[in-house]
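Visitor: build me a model from this:
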Amino acid sequence: MSKKVLLVDDEKTLAKALKFNLEKEGYQVDCAYDGEEALAKVEEISPDLIVLDLMLPKLDGFEVCQKVRRHHSIPIIMLTAKTEDIDKILGLELGADDYMTKPFNPRELAARIKAIFRRSTAANSGTGHMVEAHGLKVDLFRHKAWVGGDEVDLTAKEFALLSLLIVNPGRVYSREQLLKQVWGYDYYGDARTVDVHIRHLREKLEEDPGNPRFVVTVWGSGYKFREG
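Guide: Predicted coordinates:
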């Protein structure tokens, strides 16, 4: 069955063009043109991925992202016409997995969506899918994680980061390597994207995020999952 994409943008001409391109890639695409309609569509169609514009009537993209994240871990790609870093960082803080600045090539959007779905499929195809370390248990097949028996609600990108690190304990990954392997393309050097997601991971997994026992910083190099 083809993947369902919810495209949220009040520029109807652009939305129709993107819908046309994504349907050519084999996706089922539904559109919403304001924030309230977007939230209703999420519950109605249960999309596999959301492409979410920042500037929307009724509820803006930040509000929609925040509300979706309260109940769902659906991957979200945020679209913005702004170039200020603060908008990109705020979107990531609220739970967006990725962002693109308008104008962009529709083929790049399709490539990013394909990369997200490809990683999900690869993770779900493994046979040895249970990993445990330091009281943390990760099910790579079902995309679930538990700390001390309590399930932790992770976004798609948070889970992808954790999965990569926990199956390679002790290996140090630079921010650039994490961008390439988890995001699946060249992210133009915005390493803060990784830092934001790592901080979110620690806030969800750690009793003391300032003194992590799972994902640790290797100063001047990057991050690793603690060995031993």
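Visitor: if I look at the one residue sitting closest to the centre of the chain, how far off is S163?
Guide: Of all residues in the chain, the one closest to the mean position by C-alpha atoms, centre = their mean is D97, 2.7 Å from it. Taking C-beta to C-beta, to the nearest Å as the measure, D97 falls 14 Å from S163. Using the backbone N, CA and C atoms, a C-beta is placed for each residue, glycine as well.
Visitor: my guess is the residue nearest to the centre of the chain contacts I77, does it?
Guide: Yes. D97 lies in contact with I77 (C-beta atoms under 8 Å); the separation is 6.6 Å.
Visitor: now the common contact residues for those two.
Guide: I116 (C-beta atoms under 8 Å, 6 or more residues apart in numbering).
Visitor: any idea which helix or strand carries the residue nearest to R192 when sequence neighbours are not counted?
Guide: Distances taken as C-beta to C-beta, 6 or more residues apart in numbering place I89 nearest to R192, at 6.4 Å, with adjacent residues excluded. Using DSSP states H and E, I89 maps to helix 85-93.
Visitor: and the next element down the chain from that helix?
Guide: strand 98-101.
Visitor: give me the sheet partners of that following strand and which way each runs.
Guide: Here strand 98-101 is paired, per DSSP bridges, with strand 76-80 (parallel).
Visitor: what is the mean pLDDT for the partner strand?
Guide: For strand 76-80, mean pLDDT is 88.
Visitor: dump the residue contacts of the residue nearest to the centre of the chain.
Guide: Here D97 is in contact with P75, I76, I77, I116, T155, A156, K157 (C-beta under 8 Å, 6+ apart).
Visitor: just these now: which is nearest E43?
Guide: I76 (15.3 Å; C-beta to C-beta).
Visitor: what's the burial count for the closest one?
Guide: Other residues near I76 come to 28 when the count uses other C-beta atoms under 10 Å.
Visitor: over to W183?
Guide: 22.
Visitor: all helices for the protein, in order.
Guide: 12-24, 35-45, 61-69, 85-93, 106-124, 156-166, 175-178, 192-205 (DSSP state H).
Visitor: please identify the deepest-packed of these.
Guide: Of the helices of the chain, the one with the most neighbours on average (mean count of other C-beta atoms under 10 Å) is helix 156-166, at a mean of 23.
Visitor: same for that one, what does it pack against?
Guide: helix 106-124, strand 130-133, strand 136-139, helix 192-205, strand 215-218, strand 222-225 (3 or more C-beta pairs under 8 Å, 6 or more residues apart in numbering; DSSP states H and E).
Visitor: please verify my assumption that L162 contacts L201.
Guide: Yes. With contact defined as C-beta under 8 Å, L162 counts as touching L201 (6.0 Å).
Visitor: spell out which residues are contacts of both of these two.
Guide: In contact with both L162 and L201: L154, V215, using C-beta under 8 Å, 6+ apart.
Visitor: measure I166 to C65 for me?
Guide: 26 Å.
Visitor: sorry, that was for E37
Guide: 15 Å.
Visitor: what is the least confident helix or strand in this protein?
Guide: helix 85-93 (a mean of 69; mean pLDDT, DSSP states H and E).
Visitor: now the end-to-end length of stretch 79-97.
Guide: 11 Å (C-alpha to C-alpha, to the nearest Å).
Visitor: do the same with stretch 118-132
Guide: End-to-end distance of stretch 118-132 (C-alpha to C-alpha): 24 Å.
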